[in-house]
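Peer 1: Here is my input, please return the structure:
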Amino acid sequence: MRKRIARSVLGLFFVSCLVVLSLTVSCTGELPACQTHADCASAKFVCNTGTGKCVSIEDSDGGVGRDGVSIDDTSCTGNAKRTCYAGPPNTRNVGTCRMGEQVCLNGVWGDCVGQKLPGNETCNSLDDDCNGQIDDAVGGCSGVCAPGETKSCYQGSTGTLGKGICSAGVMTCSAAGAWGACNGQTLPTKEVCGDGKDNDCDGVVDDGCTTTECKAGEVRNCYTGPVGTRGQGICKAGVQTCLSTGKWSAACVGQVLPATEICGDGLDNDCDRTVDEGGVCGTNTCVAGATRSCYTGPAGTMNVGVCKAGTQSCTAAGTWGACAGQVVPTSEVCDGRDNDCDTFVDEAFPEQNKACTTGKPGICSDGLYTCSGGKVVCFQLAQPRVEICNGKDDDCNGKVDDSSTLKTFYRDKDGDNYGDPKVSIQSCFAPTGYVGNNQDCYDNNKNVHPGQFNFFTVHRGDGSFDYDCDGAATKRFAKVGSCLGCSSPNFDQGFAVTVPACGTNGNWITSCRFDVGKCYPLTAAKAQECR
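Peer 2: Numbers count the residues shown, from 1 in each chain. Predicted structure coming up:
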């Protein structure tokens with residue numbers, strides 16, 4: 001009989017080991033090693049990334065389950081999806097860090113796929129450890145850039161820059177030669193349905209807002225109370241039903257949310273795991289003059305940023321008064337404080353990413369509003385540089401193109417591409433009606449310029465016949481002709497007797513005739529041509 005009992009106990013121990021082993025805990029009590037939640041065989045266990053061991057959800061630090069999700073929210077239905085992030089909250093969507101996605105598998109949320117967590121900082125112009133600083137690696141990244149140098153920057157996902165709300169910021173090189181933070185950039189966020197904006201910067205506005213969430217008639221558990229109250233006291237989950245539109249119904253039918261604690265009913269009405277706290281049981285809810293801590297802000301925001309609890313006092317009627325002195329989340333402003341109590345300071349403010357003017361001249365005028373030291377300032381986008389001919393005030397001295405590279409250009413009034421040496425201007429580029437040479441001797445006649453090979457019978461406009469700008473009027477026919485014999489055309493071509501002046505007519509020998517024993521030239525009127 002004793003042997004059978006011993007064998008039964010031994011068998012029960014063996015079966016217990018198998019059952020426990022299936023829950024990822026060995027019979028020696030050693031917790032299995034893991035890197036992700038998928039390494040833990042049961043949905044009741046999660047991977048503690050700090051120790052690298054599988055632990056039960058009930059034993060996890062702070063009641064946190066897979067991928068930073070509260071243990072009150074580990075169950076799911078259907079093929080539901082949600083965003084997730086297992087890194088420190090203040091690194092989410094900072095630098096290279098990005099949120100991932102969880103998919104419901106067999107009623108339990110799966111691993112956080114696609115998330116990018118903080119890594120070791122390297123000198124690559126990226127914020128690898130997601131602390132808001134670029135290239136702040138141990139030992140520094142000096143020599144990466146020139147102090148004071150600026151450049152455009154963007155740390156969002158590839159393909160999102162310039163789409164939707166996403167825009168680039170500006171990095172400035174520090175005195176140590178390392179790039180600073182990327183100021184003024186706008187990164188992708190979760191799509192907000194109905195705001196008319198492309199929040200996730202994928203090129204589509206309100207995408208996913210009209211897609212089917214579920215199958216008509218499908219049901220799922222729901223709970224809209226504060227995290228940590230579900231299943232505590234009177235609080236319990238309800239159900240949502242999928243409508244014919246493919247959307248979940250707004251109402252969570254059957255759920256019971258926290259209520260004001262009723263002293264004396266033996267119930268935990270406010271679902272804080274304490275029954276009838278804060279007073280004596282009876283018709284009153286509290287004892288007159290009693291005080292207690294209170295906070296009406298969203299769960300998880302108390303003692304974060306500026307948010308803090310207040311104090312309630314019990315009135316003479318035995319009811320709790322207003323929560324005096326509490327500070328709840330408000331819209332973020334640039335004041336050096338975490339106003340919305342999300343662990344981020346000055347991460348958003350009304351003027352963010354709007355253009356501004358620094359008040360400085362030239363290229364130093366353009367800026368973007370940024371938050372620095374708790375104040376909204378106009379961040380100068382460009383620094384002074386060496387002046388060049390580009391139509392801009394590069395050195396920010398209030399003068400455009402006032403560099404030593406200016407050139408002299410001359411007016412070309414008649415459009416012959418030769419300029420008047422008496423009329424000039426200095427500029428980076430030739431203005432309309434100006435050329436780079438000054439060789440025109442008369443700028444009112446386009447036929448007058450160096451290299452002119454044609455001859456003219458009319459002066460150029462000022463009485464001169466110097467069309468080729470060589471300083472003198474050259475006659476085309478400059479000699480006197482004569483008859484060489486009495487047989488035509490045996491004569492020396494030219495004018496008879498005298499050569500006429502430029503533009504005047506003379507007697508031009510056309511042939512010779514023998515008469516009374518002599519040769520006589522025959523002539524015709526011809527104008528003298530000059531240049």
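Peer 1: State the distance from S313 to D128.
Peer 2: 51 Å (Cβ to Cβ, to the nearest Å). Where C-beta positions appear, they are placed from N, C-alpha and C, glycine not excepted.
Peer 1: More neighbours: those two, which one.
Peer 2: D128 (19 against 16; other Cβ atoms under 10 Å).
Peer 1: Can you verify my assumption that the more buried one contacts N120?
Peer 2: Yes - in this structure, D128 is within contact of N120 by Cβ atoms under 8 Å, at 6.3 Å.
Peer 1: residue boundaries of the helices in the protein?
Peer 2: Applying DSSP state H to the chain gives helices spanning 2-22.
Peer 1: Domains in it, by residue range?
Peer 2: With domains defined by automatic domain parsing, the chain comprises 1-29, 31-118, 454-531.
Peer 1: Do me a favour and get the end-to-end distance for stretch 366-378?
Peer 2: Distance between the boundary residues of stretch 366-378 (Cα to Cα, to the nearest Å) amounts to 9 Å.
Peer 1: Check stretch 179-195 too.
Peer 2: Using Cα to Cα, first and last residues of stretch 179-195 are 35 Å apart.
Peer 1: Going by neighbour count, list what's buried in it.
Peer 2: Within stretch 179-195, the residues scored as buried using 16 or more other Cβ atoms under 10 Å are 179-188, 191.
Peer 1: what's the closest of those residues to K526?
Peer 2: Minimum distance to K526 across the buried residues of stretch 179-195 is 82.1 Å, recorded for G184 (Cβ to Cβ).
Peer 1: now that we're looking at that closest one, how far away is C242 from it?
Peer 2: 43 Å.
Peer 1: What of E261?
Peer 2: 35 Å.
Peer 1: and these two? which has more neighbours close in?
Peer 2: E261 (22 against 19).
Peer 1: looking at it, the more buried one is touching C271, isn't it?
Peer 2: No - with contact defined as Cβ under 8 Å, E261 and C271 do not form a contacting pair (9.5 Å).
Peer 1: circling back: out of the buried residues of stretch 179-195, which comes closest to N445?
Peer 2: Closest to N445, out of all of these and judged by Cβ to Cβ, is G184, at 59.9 Å.
Peer 1: what's the closest non-adjacent residue to that closest one?
Peer 2: Closest residue to G184 apart from its sequence neighbours, by Cβ to Cβ, 6 or more residues apart in numbering: G169 at 3.8 Å.
Peer 1: give me every residue that touches that neighbour.
Peer 2: 152-154, 182-186, 368 (Cβ atoms under 8 Å, 6 or more residues apart in numbering).
Peer 1: Okay, and the beta partners of it?
Peer 2: Beta-bridge pairing of G169, defined through DSSP bridges, involves C153.
Peer 1: Lowest mean pLDDT across the domains of the chain, which one is that?
Peer 2: In terms of mean pLDDT, the lowest-scoring of those is domain 1-29 (a mean of 40).
Peer 1: Check whether V204 really touches D198, as I assumed.
Peer 2: Yes - between V204 and D198 there is a contact under Cβ under 8 Å: 6.2 Å.
Peer 1: Return the distance of A501 relative to C530.
Peer 2: 9 Å.
Peer 1: And these two? Which one has more around it.
Peer 2: Between A501 and C530, counted using other Cβ under 10 Å, C530 has the larger neighbour count: 25 against 13.
Peer 1: so that one touches A473, yeah?
Peer 2: Yes - using Cβ under 8 Å, C530 is in contact with A473, at 4.7 Å.
Peer 1: Give the intersection of the neighbour lists for the two.
Peer 2: 465, 502.
Peer 1: Strands along the stretch 401-531 of the chain, start to end?
Peer 2: Remark: strands assigned in the stretch 401-531 of the chain by DSSP state E, counting those that start in this stretch are 407-411, 424-427, 434-435, 482-483, 491-492, 505-515, 518-527.
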